[in-house]
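1. sequence plus the predicted model coming up.
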Amino acid sequence: MNQTKSSSSTKKWLIGCGIGCGVVILIVVILLASGYFFIKNIVDEFKDTEAMTEVLTERFGRIPDFCPDPEGTIRPERIEAFLSARDGFAPVRERITKSMEALSRGRDKDEVEVEKPKSVLTIMRLGFGIIPQAAEFIKTRNEALLDSEMGLGEYYYIYVVAYYSWLGKAPADGPDFQIVGPDEEDDFRYWDRGDSKERRRERLLRRINRMLLSMLHNQLENLIAEGAAKDSGECRQMLEEEIEALEEDRERLLWQDSLPEVIEASLRPYRDRLEASYNPMTNPLEVMIEQR
């Protein structure tokens, strides 16, 4: 009788263990499959983003190839195109802003409640969720630029001149965590909570300095070529001085001493709309892509 009871107990234990082990294996399989599809979706999203960037490049040229108007004017239709593009990807801009704000709040909470695993898991979920949103942000922005017939070079130029040089927005604007790599040559790689706004500012200014220097050289060449037809001495001198200043200080903001009146006059009628379209949280994503 004892042997029968023992055999029955062992059988029940084995059955229970089998069910339990089966559930664990099933959970592991689900997690692995979820992780695979999550990574695959991220890779696909960035491939789409890269393809869209290539389309923009083929149609409008590389970012450094853009040439502002030789005398500095930004025509009204180009500012309208810029604002139209920003309106076009405003919904995705708002979605990633909410995620960034939630991640920042979760981080602050987790620093106080370190013991709670749920907080850590929530932050991890939010952090990983922002990666595909960043790819969607760039892809949707580029689609909006195509719809507005505007290249990345022109978009970057107006963005920097309008928001930083004229409206005084801070290049360090953004969430309280890092969105680009630690080196100035890196693009979107990982998230680092130890990033400081000063480091972000320096990195961004070096990036846009490289891009805009090429544009100003293009502008100067065109201005010199047109110089034979009309007097452009004062404009040429201002441009040459700004180029020299940017070359001497790689962290200098374009026209940081004084914005030329011709540029300010172009932007002035659009002040309210430009102010309303600026988003400090997504600022680091705006000039992330740099074609080499």
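-> Sure, I can see it. This is a predicted model, so every value here is computed, not measured. Numbering: from 1, shown residues only.
2. low-confidence ranges in the protein?
-> Within the chain, the stretches with pLDDT under 70 are 1-49, 106-129, 178-196, 227-232, 289-292.
3. how about the helices of it, start to end?
-> For the chain, helices defined by DSSP state H occupy the ranges 2-60, 76-88, 90-112, 117-147, 152-159, 197-226, 233-248, 261-267, 271-277, 283-286.
4. and the contacts of the fifth one?
-> Translated: helix 152-159. The contact list for helix 152-159 (CB atoms under 8 Å, 6 or more residues apart in numbering) reads 53, 56-57, 60-66, 68, 74, 78-79, 82, 85, 142, 145, 208, 211-212, 215, 286-287, 289, 291. (Glycine included, C-beta is placed from N, CA and C.)
5. give me the buried subset of the residues you listed.
-> Taking 16 or more other CB atoms under 10 Å as the criterion, what is buried in the contacts of helix 152-159 is 53, 56-57, 60-64, 66, 68, 74, 78-79, 82, 85, 142, 145, 208, 211-212, 215, 286-287, 289.
6. residue 265 versus the residue nearest to residue 218 when sequence neighbours are not counted, what's the distance?
-> Counting by CB to CB, 6 or more residues apart in numbering, residue 218 lies nearest to residue 67, which is 3.8 Å off, once chain neighbours are set aside. As defined by CB to CB, to the nearest Å, residue 67 lies at a distance of 20 Å from residue 265.
7. who has more neighbours, those two?
-> residue 67 (20 against 12; other CB atoms under 10 Å).
8. I figured the more buried one hits residue 217, correct?
-> No: Residue 67 is not in contact with residue 217 according to CB atoms under 8 Å; the separation is 9.1 Å.
9. can you tell me the closest non-neighbouring residue to residue 145?
-> residue 85 (5.0 Å).
10. that neighbour: what's it in contact with?
-> Contacts for residue 85 were tallied using CB under 8 Å, 6+ apart; they are 141, 144, 145, 147, 148, 150, 155.
11. how about residue 82?
-> Residues counted as contacts of residue 82 (CB under 8 Å, 6+ apart) are 148, 150, 154, 155, 158, 159, 162.
12. how about residue 218?
-> Applying CB under 8 Å, 6+ apart to residue 218 gives the contacts 65, 66, 67, 68.
13. and for residue 171?
-> Residue 171 neighbours (CB under 8 Å, 6+ apart): 164, 200, 201, 204, 205, 208, 253, 283.
14. going by distance to residue 94, which of the residues you listed wins?
-> Closest approach to residue 94 among these (CB to CB): residue 283, at 14.2 Å.
15. contacts only, for the closest residue to the closest one other than its chain neighbours.
-> Setting aside the residues directly before and after it, residue 283 is nearest to residue 173 in space (CB to CB, 6+ apart), at 4.1 Å. Counting by CB under 8 Å, 6+ apart, residue 173 touches 280, 281, 283, 284.
16. right, and the last one touches residue 203 too?
-> No: under the criterion of CB under 8 Å, residue 284 lies out of contact with residue 203, with a separation of 9.1 Å.
17. next up, phi/psi of the residue nearest to residue 218, please.
-> Phi and psi for residue 67, reported as degrees, to the nearest 10, are phi -120, psi 110.
18. from residue 260, how far out is it?
-> 16 Å.
19. next: residue 75.
-> Distance, residue 75 to residue 260, using CB to CB: 15 Å.
20. out of these two, which sits in the busier spot?
-> Shown here are residue 75 and residue 260; by other CB under 10 Å, residue 260 has more neighbours (19 against 10).
21. that one against residue 234, yeah?
-> No: using CB under 8 Å, residue 260 is not in contact with residue 234, being 9.9 Å away.
22. in stretch 131-151, what counts as buried?
-> 131-146, 148, 150-151.
23. what does stretch 272-280 give?
-> Within stretch 272-280, the residues scored as buried using 16+ other CB under 10 Å are 274, 277, 278, 279.
24. C-alpha coordinates for that stretch, CSV please?
-> C-alpha atoms of stretch 272-280 as CSV (Å, rounded to 0.1, in the frame of the first residue of the first chain):
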residue,chain,number,x,y,z
ASP,A,272,4.2,83.3,-34.4
ARG,A,273,4.0,80.2,-36.6
LEU,A,274,7.6,79.4,-36.1
GLU,A,275,7.3,79.8,-32.4
ALA,A,276,4.3,77.5,-32.3
SER,A,277,6.0,74.8,-34.4
TYR,A,278,9.1,74.5,-32.3
ASN,A,279,9.3,71.4,-30.0
PRO,A,280,12.2,71.5,-27.4
